[in-house]
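Q: Below are the sequence and a predicted model; questions follow.
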Amino acid sequence: MAEGQTKILNNWNGEMTEMSSFLPAVAEELLRDVKKAYQETSQIPDDLLLALKFVFGPSALQALDLVDQRSVTCLSSPSGRTVFQVVGGSGRLYACYTSCHYCPCPAFAFSVLRKNDSLLCKHILAAYLCQAMGLSQQEAVTNQQMSDILSGKAGRGT
Amino acid sequence: MADILALVLKCNCAQLRDNNDRKLTSISGQNALPCMIVGESCNIKTSLLFLTAVTAASELGVRVLFFTPTPFQSLPGLLQDSLACLNPDSLKKITFMYSRSQEELLQDVACLHESVRQAAVPPALLIVDRLDLYLGLQREEQAAAAVHLSALLIDTASFLTRNSEEPCRVIVSFDMERQGQMPWELVAPDPVLSILDRYFSVHCTLDQDRHSGAPSPPGEPGDAWQIYFSGAGNTVANSGSNQGDQILGCLWKLTIRPNGTMEFSPTSMESCVN
Ligand SMILES: [Zn+2]
């Protein structure tokens, strides 16, 4: 049991490292600084908050709100597949993939991918921050539930 | 991904056929990035994908999943010659998945993780023919579908890679509309292409060769195409630094021979073959 949990955490951390390689170096370094500061003082100092706002724009504060509300859960199935589930402001669940940037929210498709005017939506950033701060919940789901979440079938309520 | 496509071209190239530089080991690590074959509507892209599946299964011995919106009634005619000398066992490594709709494709890809622990060897090549047919008709809907399908394919390939000794590659084909005679006048509905660019960092563009007089009908003897590899810099899935430099920028020519088979030749030998 304990061994299984360790494995999931290892997988998950491995994936976060992989996923953060999709970010510009400055954003990656900032997340590392946040992690270090939070480990030492259990808070994010003002200069790093400003830097988060500067690098990630308005999504930074919204993402920190989501972190405060413990909105991020890392789901994992027996197959070893993982996905972040983020509870949005409206209570809707967003499944964000762990190895490449994807969030089903409209802001991700439009301001991140299409207009290219922000690096991440608030949900993906919240997943990063939760991981950096060690605040995300862990939850096990079945393989079938994982498939439904990944395909969006769970979200469509069918 | 483009290294497998490069292998396909080499295996079907007259100048290189007797060269023993045909194993992926000679090109592996060069470019395992997700690749999208684009061009105007024609069956050549499907034939090239089919040849890619066959080459990956026979030359590399990997399992291939081939997703298609329309089931194959028969083998593409262009390939029958290439297939004649194949070991039938290698064809068994290819699984055709007939995914009829966007929902079916999402579900078929999303559930691949379920069988990884049972399967002796997980698939190492995911191919989707005619990704454009899976995006729906409304513009907003197309953008959301393009993001979801692309990201799911890449996240799934990444999961399969972690569960295998072989990296799992993704190749899709996408039909574009032609608005003029030049390659850059091939268009896809905005913002779909800019979204796909972020996930599929390598493009393999097929453009019918119009320089040698009136073009033959696509797929008929005498028909000629140019194949060009290019890469977008700013991608979501860009996981390596210098991957694919030797493949990107290469120009190949595809001709349909009198017996109806596909023949490839590099336009600039040094840069494409080494
Ligand atoms: Zn989002």
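A: All right, it came through fine.
Q: what residue lies at the spatial centre of chain A?
A: A:Ala127 (1.6 Å; C-alpha atoms, centre = their mean).
Q: Help me confirm that that residue comes into contact with A:Tyr97.
A: No - in this structure, A:Ala127 is not within contact of A:Tyr97 by C-beta atoms under 8 Å, at 9.8 Å. The way it works is simple: take the backbone N, C-alpha and C, and place the C-beta from them, glycine included.
Q: Need the overlap of contacts for those two.
A: A:Phe84 (C-beta atoms under 8 Å, 6 or more residues apart in numbering or on different chains).
Q: Let me see the ranges of the helices in chain B.
A: With DSSP state H as the criterion, chain B has helices at B:2-11, B:44-59, B:80-84, B:88-91, B:102-110, B:139-162, B:192-199, B:269-273.
Q: which residues of the chain score low on pLDDT?
A: Went with chain A since none was named. Within chain A, the ranges that satisfy pLDDT under 70 run A:1-22, A:114-117, A:155-158.
Q: Sorry, I should have been clearer: chain B.
A: Checking chain B against pLDDT under 70 turns up B:1-2, B:14-31, B:74-85, B:119, B:178-190, B:211-215, B:232-249, B:268-274.
Q: so which residue of it comes closest to the ion?
A: B:Val147 (10.9 Å; C-beta to the ion).
Q: Count residues in the vicinity of A:His101, would you?
A: 24 (other C-beta atoms under 10 Å in any protein chain shown).
Q: Return the set of buried residues in stretch A:44-54.
A: For stretch A:44-54, the neighbour count (16 or more other C-beta atoms under 10 Å in any protein chain shown) marks A:Ile44, A:Leu48, A:Ala51, A:Leu52 as buried.
Q: report the longest strand in chain B, please.
A: For chain B, the strand reaching the highest residue count under DSSP state E is reported as strand B:169-178.
Q: Let me see the contact set for the nearest residue to B:Arg63 once chain neighbours are set aside.
A: In space, and not counting its chain neighbours, B:Arg63 is closest to B:Pro123: 4.3 Å by C-beta to C-beta, 6 or more residues apart in numbering or on different chains. Contact analysis of B:Pro123 by C-beta under 8 Å, 6+ apart lists B:Val62, B:Arg63, B:Val64, B:Leu65, B:Thr95, B:Leu112, B:Leu160, B:Cys168.
Q: Distance check, B:Pro123 against chain A.
A: Between B:Pro123 and chain A the distance is 14 Å, computed by C-beta to the nearest C-beta, to the nearest Å.
Q: try B:Asp207
A: 26 Å.
Q: what's near enough to touch the closest residue to chain A within the stretch 1-150 of chain B?
A: For the stretch 1-150 of chain B and chain A, the shortest gap (C-beta to the nearest C-beta) falls at B:Ala110, measuring 3.6 Å. Applying C-beta under 8 Å, 6+ apart, we find B:Ala110 in contact with A:Met146, A:Ser147, A:Asp148, A:Leu150, A:Ser151, A:Lys153, B:Leu152, B:Thr156.
Q: try it again with 6 Å
A: A:Ser147, A:Leu150, A:Ser151 (C-beta atoms under 6 Å, 6 or more residues apart in numbering or on different chains).
Q: Who's the closest spatial neighbour of the last one, skipping the chain neighbours?
A: By that I understand A:Ser151. In space, A:Ser151 is closest to B:Ala110, 3.6 Å off (C-beta to C-beta, 6+ apart).
Q: And the first one, by the same measure?
A: For A:Ser147, the nearest residue in space outside its immediate sequence neighbours is B:Cys111; the separation is 4.1 Å by C-beta to C-beta, 6+ apart.
Q: So which residues on chain A come close to the ion?
A: A:Cys103, A:Cys105, A:Phe108, A:Cys121, A:His123 (C-beta under 5 Å from the ion).
Q: Run a quick check on the last one versus A:Tyr94, I expect a contact.
A: Think A:His123. Yes - under the criterion of C-beta atoms under 6 Å, A:His123 makes contact with A:Tyr94 at 4.8 Å.
Q: Compare those two (neighbour count), which wins?
A: A:His123 (29 against 23).
Q: what's the angle from the longest strand of chain B to helix B:102-110?
A: 160 degrees (axes from the mean of the first three to the mean of the last three C-alpha atoms, to 10 degrees).
Q: re earlier: next, the residue nearest to the centre of chain A: secondary structure please.
A: helix (DSSP: H, G, I helix; E, B strand; the rest coil).
Q: What parts of chain A come near chain B?
A: A:22, A:79, A:81, A:97, A:99-102, A:109, A:113-114, A:143, A:147, A:150-151 (C-beta under 6 Å from any C-beta of the partner chain).
Q: Who wins on neighbours among those residues?
A: A:Leu150 (29 neighbours).
Q: residue contacts, it?
A: B:Ala110.
Q: Just confirm it is within a helix.
A: Yes - the assignment for A:Leu150 (three-state DSSP) places it in a helix.
Q: Not counting its neighbours along the chain, what's nearest whichever residue of the stretch 151-274 of chain B sits closest to chain A?
A: Relative to chain A, the nearest point of the stretch 151-274 of chain B is B:Ala151 (3.3 Å; C-beta to the nearest C-beta). In this structure, B:Ala151 finds its nearest non-sequential neighbour in A:Tyr102, 3.3 Å apart by C-beta to C-beta, 6+ apart.
Q: B:Leu149 now?
A: That would be B:Tyr134: by C-beta to C-beta, 6+ apart, it lies 6.2 Å from B:Leu149.
Q: Next, find the distance separating that neighbour from B:Gly61.
A: Plainly put, B:Tyr134 is 29 Å away from B:Gly61 if you go by C-beta to C-beta, to the nearest Å.
Q: Comparing the two, which shows the higher neighbour count?
A: B:Tyr134 (23 against 14).
Q: Confirm for me that that one is in contact with B:Glu103.
A: No - between B:Tyr134 and B:Glu103 there is no contact under C-beta under 6 Å: 9.4 Å.
Q: hmm, back to that, what about the residue nearest to A:Ser147, how many residues close to it?
A: 18.
Q: My guess is it contacts A:Asp148. True?
A: No - if you go by C-beta under 6 Å, B:Cys111 and A:Asp148 don't touch, sitting 8.9 Å apart.
Q: What parts of chain B come near chain A?
A: Close to chain A, as judged by C-beta under 6 Å from any C-beta, chain B has residues B:106-107, B:110-111, B:113-114, B:116, B:143-144, B:147, B:151, B:154-155, B:158-159, B:191, B:195, B:198, B:236-237.
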